[in-house]
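Colleague: Sequence and predicted structure are below.
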Amino acid sequence: MDARLKSLVTLAGLGLLLIVAATWGWSSLTQPFPEGDGDAICVDRTYAAGDRISRGDVTVSVLNAGTRNGLAGLTMNLFEEAGFAPGQEGNAPEDAKVGTVQIWTEDRTAPAVRLVASHLGKDVRVVRRAPSTAGIQVVVGDGFEDLVAGKKSIRTRGEVTVCGPPTDAVG
């Protein structure tokens, strides 16, 4: 085979390879993003009167109502280290006025709320307000520093539902 023909075949092969790669790349680029795998952050479980709810049974979400960057993430790490299941984190709504720490919940006497509150010290305020995140919603302000040594578990007084980690995440 002469050199010119060899060069022509090589260029044709490389051109074909370029077209195949470009087609595959364009096809991959224009595909929609895959849907989430459907894993829930937390699932509701019912506990009977007298059952114990431990930290690992409760999902905690944290919102930052302060001006300190990363405060929600830092607080979430503290809750995880204490044994709680991680929920969502983000910024609190603009109307949030939180100096230190609050729990926003519709049931201020729920055992899971009391368990989380025991780790937030005496300055925690439990506010009747619909939460916008999964599990127990903790809202921290600039005055929040650290968790305190709270209860490891709490006994239920009646039948309750607690949003906790999915079964496959417990363990």
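Modeller: That came in fine, so what should we check first? Numbers count the residues shown, from 1 in each chain.
Colleague: so residue 5 is in which element?
Modeller: Using DSSP states H and E, residue 5 sits in helix 3-30.
Colleague: for that helix, packing partners?
Modeller: On a contact count with 3 or more CB pairs under 8 Å, 6 or more residues apart in numbering; DSSP states H and E, helix 3-30 meets no helix or strand. In this view, the C-beta of every residue, glycine as well, is placed from N, C-alpha and C.
Colleague: And the next helix or strand past that helix?
Modeller: Counting by DSSP H and E, the element after helix 3-30 in chain order, helix or strand, is strand 43-47.
Colleague: Return the alpha-carbon coordinates of that next one using PDB.
Modeller: Taking C-alpha atoms only, strand 43-47 is exported to PDB below (Å, rounded to 0.1, in the frame of the first residue of the first chain):
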ATOM      1  CA  VAL A  43     -39.900   7.400  57.500                       C
ATOM      2  CA  ASP A  44     -42.600   7.500  60.100                       C
ATOM      3  CA  ARG A  45     -42.600   4.700  62.700                       C
ATOM      4  CA  THR A  46     -45.200   4.200  65.400                       C
ATOM      5  CA  TYR A  47     -44.100   3.500  68.900                       C
END
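Colleague: Other residues contacting it?
Modeller: 53, 57, 111, 156, 159-167 (CB atoms under 8 Å, 6 or more residues apart in numbering).
Colleague: swap in stretch 113-126?
Modeller: 53, 55, 58, 60, 79, 82, 84, 100-103, 105, 107-108, 136, 138, 143, 147-151, 153-154.
Colleague: Please pick the buried ones from these.
Modeller: 53, 55, 58, 60, 79, 82, 84, 100-103, 105, 136, 138, 147, 150, 154 (16 or more other CB atoms under 10 Å).
Colleague: Among these, which ones are in helices?
Modeller: If you go by DSSP state H, these have 79, 82 in helices.
Colleague: So which of the buried ones among the contacts of stretch 113-126 are in strands?
Modeller: Counted as lying in strands by DSSP state E, out of these, are 53, 60, 101, 102, 103, 105, 136, 138, 154.
Colleague: Tally up the residues packed near residue 17, please.
Modeller: 10 (other CB atoms under 10 Å).
Colleague: mind checking how far it is from residue 10?
Modeller: 11 Å (CB to CB, to the nearest Å).
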